[in-house]
Each structure stands twice: as structure tokens, then as C-alpha cells.
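Undergrad: Here is my input; please provide its structure:
(chains A and B)
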Amino acid sequence: MALINVKTKEVQIKIVYYGPGRGGKTTNLEYINETYRNQIKTEMVSLKTQDDRTLFFDFLPFDVGQIKGFDITIQLYTVPGQVKYNATRRLVLRGVDGIVFVADVQKEQRKKNIDSLNQLYENLESYNLDLFNIPLVMQYNKIDLKKTPVPLLASNIMQKDLNSMLRVPAFEASALNGGNVIATLKKIISMTLASIQDQIF
Amino acid sequence: MFNQSQLDGIDHIIQANLIESGLDNVIFLDMAGNAIAKHDNGKTQLDSIAFAALAAGNFAAVDAMAKLVGETEFSLLFHKGEKSSIHFSKVTDDTLLIAMFNKDISLGLVRLKVAETIDGIKKILTENA
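TA: This is a model prediction of the structure:
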């Protein structure tokens, strides 16, 4: 739940990038970190293994300016995608306000995407949160692989697998090249702000 | 959400009990990693936003480990460094207090002052709710 400090006039919002391992969650944050370097007061924090896999989370805070006199800080987190790290994934979700689900468009990742989304539903339930009620954006990542022989899932298949019931905004993206990374970010920020506006204003 | 009088009370008690006792930095934060109140002695430069996120993660991980060994919680954590040390304590189910101090202050004094501060914060949260 967003932290609203009436004394310092600050609002802190937590957005979590969730999805299967090696899907591009950290790459999303790295692109955002490069693009908005001037607005980011601190270094991106990454708790990772020796072989560069996320161990606990990545963390990137940045300011998005003022709304009605409140300074809004967005705190972006990723979860570790590897299956074995579900306990830590659940910890990172504590206090979440909005979620970007980063799915991998590679055909061989189809089951992992679905499993990860199902697990997200269960993990949110442990905090009495409902995936159907929380601000959520789908991102179908690695669209840049279209230029390679790697078999990919078409957008309509991704939508059918992951978004037929949720019906949330979805973007095809390339986190590596930055394609739609910012569009995804802007969408989740606007949805999350809209969802908490009753608490602030 | 905390109201103005709660935040004022928490600021006052942290400043009077901990910073004036010689502690370097104190952060009161929620378990999601958001800093609610930040105080320092003016001599340190700490990236408190990142620190709060890491501290909440650290505490959450240790809390999960406690449950794995059959404990309800490990309500206190302490990391000792050569020059500075960090003391973590749970205040309520949703909040934590982190105190950073240098080698000139004893752990015993910190624990005593932190315990008093936690009692004070709990009282503020109940009385001004």
C-alpha cells in the first residue's frame, strides 16, 4: 500500500516487475535507469548472484514530480524469476501498489509465463490482494527476436494465455532496445496513481 | 496512513531519545521499505531510500528464516561493523526501527534507548489513532 506522509508531503509508490526467469525484468529497470538518470537520486540497487541472476530484488527509486503539493516517488522493484526463489518473490510483493508482468514471447517459455502468472495470483492472495483488482500491465518482451530464427508466440496467443480474463493493458516490448519500456512504465504509473488518488486527494 | 500528530510525535521521540543520545542515523520505516521518518546527526551521508528498501528486505528474509526454524519471529537484528553498526527492531507488525551508531556508543545503551523509543512510538500510534 502506498505510503502517504502528510507531514513531509511525500507519497511513495511501490511497483513490482514480476515474471518468469530471464524474461527481462532487470533489463527493463536498467533501461529506465539509463533513460531517466537525471531524475534518479540514487544508484540502482541489485542483489544478484555471481552469474548476474537476480537473487532478491533490484530497486530503483525516482521522482515523478508533484501532484497537489505531494512529491511523488516511484519505487521500482523486480523479483527474482527463478522458480526456486518463490519465498523471496513473495517478500518483495509486500506493500505492492502496481505490477508489470513481464512475459517472454519465446515459444519455449509459454508454460513458464503461465505458471509465473498463476503463482503471482497465489502470492498476492497471501497479502489479501487480488490480481484482478490491482493495477496491472502486461508486457510481452523480447519482440526484437522477430529478426532471428527463434520461434516466438504471436501477440494474440500471449493475450489468450495471459490476458483473456484479466483484460489489462498490454505492450509488445523489447527491454534490451528500450522498445515500449517507457510506455509500459507510464501506463503502470498512471494506473497506480489513479487507484490511490482517493487516499491522497 | 499516519496522521500529522503521530508523525510529529514519532519525529520528536526519535530526535530526543536517539539522535540526542549520539546515534548517527535512525530510520522508522514500513515493511514495504518506505521510510516514514528519517533522522541523522548531520554528519553522515546515507542514501536512506535505498537503505530502507534493503533493510526491509533483510528483515523480511530473516523473518521468513525464523518461521522455517519454528520461531514466530526474530524481533531484533544487529550487524556489527568496524566503525559503525546497525540495530534493527520490529515496532509493530508493519513497521521497523533502524538505528545506526558508531563505536563510541555501547550496544547496551542503544538497546535501552531503542526499547524506550519503541514503547513511545507504540503509545503514540495507539493514543493518536
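
Undergrad: for the residue in chain A that chain B sits nearest to, what are its contacts?
TA: Nearest residue of chain A to chain B: A:Gly95, at 2.3 Å (C-beta to the nearest C-beta). In short, each C-beta sits where N, CA and C put it, glycine included. A:Gly95 is in contact with A:Met1, A:Leu3, A:Lys14, B:Asp30, B:Met31, B:Ala32, B:Gly33, B:Asn34, counting by C-beta atoms under 8 Å, 6 or more residues apart in numbering or on different chains.

Undergrad: ok, of those residues, which one's closest to A:Thr42?
TA: When the contacts of A:Gly95 are compared for distance to A:Thr42 (C-beta to C-beta), B:Gly33 wins out at 12.9 Å.

Undergrad: What distance do you get for the closest one to chain A?
TA: When distances are taken as C-beta to the nearest C-beta, to the nearest Å, B:Gly33 and chain A turn out to be 7 Å apart.

Undergrad: How about B:Gly22?
TA: Here B:Gly22 is placed at a distance of 25 Å from chain A (C-beta to the nearest C-beta).

Undergrad: What are the phi and psi values at that residue?
TA: phi 110, psi 10 (degrees, to the nearest 10).

Undergrad: Now for it: which residues touch it?
TA: By C-beta under 8 Å, 6+ apart, the contact set of B:Gly22 is B:Asn41, B:Phe101, B:Asp104, B:Ile105.

Undergrad: Please, where are all the strands along the chain?
TA: Going with chain A. All strands of chain A, identified by DSSP state E, fall at A:3-5, A:10-18, A:45-48, A:54-67, A:70-78, A:98-104, A:136-141, A:170-173.

Undergrad: meant chain B actually
TA: All strands of chain B, identified by DSSP E, fall at B:25-30, B:35-40, B:76-79, B:84-92, B:95-102.

Undergrad: And the contacts of the shortest one?
TA: Strand B:76-79 has contacts (C-beta under 8 Å, 6+ apart) with B:Asn58, B:Phe59, B:Val62, B:Ser85, B:Ile86, B:His87, B:Phe88, B:Ser89, B:Lys90, B:Leu107.

Undergrad: Report the buried members of these.
TA: The neighbour count (16 or more other C-beta atoms under 10 Å in any protein chain shown) marks B:Asn58, B:Phe59, B:Ser85, B:Ile86, B:His87, B:Phe88, B:Ser89, B:Lys90 as buried among the contacts of strand B:76-79.

Undergrad: As CSV, those residues with pLDDT would be great.
TA: Formatted as CSV, the entries for the buried ones among the contacts of strand B:76-79 read as follows, by pLDDT from 0 to 100:
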residue, pLDDT
B:Asn58, 90
B:Phe59, 89
B:Ser85, 95
B:Ile86, 95
B:His87, 95
B:Phe88, 94
B:Ser89, 93
B:Lys90, 92
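
Undergrad: Pipe those into TSV and attach distance to chain A per row.
TA: Supplementary listing: the buried ones among the contacts of strand B:76-79 in TSV, determined by distance: C-beta to the nearest C-beta, whole Å:
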residue	distance to chain A
B:Asn58	9
B:Phe59	10
B:Ser85	21
B:Ile86	16
B:His87	21
B:Phe88	15
B:Ser89	18
B:Lys90	14
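
Undergrad: And the furthest pair within those residues?
TA: Farthest apart among those by C-beta to C-beta are B:Ser85 and B:Lys90. That separation is 18.0 Å.

Undergrad: Nearest to chain A: which residue in chain B?
TA: B:Ala32 (2.3 Å).

Undergrad: Would you confirm that that residue contacts A:Ile15?
TA: No - with contacts counted by C-beta atoms under 8 Å, B:Ala32 stays clear of A:Ile15, the gap being 11.5 Å.

Undergrad: any shared contact partners between those two?
TA: Shared contacts of B:Ala32 and A:Ile15, defined by C-beta under 8 Å, 6+ apart, comprise A:Val96.

Undergrad: Quick one: low-confidence residue ranges for chain A.
TA: Counting by pLDDT under 70, chain A shows low-confidence ranges at A:200-201.

Undergrad: mind listing the helices for it?
TA: Taking DSSP state H to define them, one finds helices in chain A at A:25-35, A:86-92, A:110-125, A:155-162, A:181-200.

Undergrad: so what secondary structure elements neighbour the shortest one?
TA: Secondary-structure packing of helix A:86-92 (3 or more C-beta pairs under 8 Å, 6 or more residues apart in numbering or on different chains; DSSP states H and E): strand A:54-67, helix A:110-125, helix B:48-68.

Undergrad: so what pLDDT did the residue nearest to the spatial centre of chain B get?
TA: Among the residues of chain B, the one closest to the centroid is B:Leu97, at 1.5 Å (C-alpha atoms, centre = their mean). Model confidence at B:Leu97, expressed as pLDDT, equals 96.

Undergrad: Next: the one 4 residues further on.
TA: In the prediction, the pLDDT value recorded for B:Phe101 is 96.
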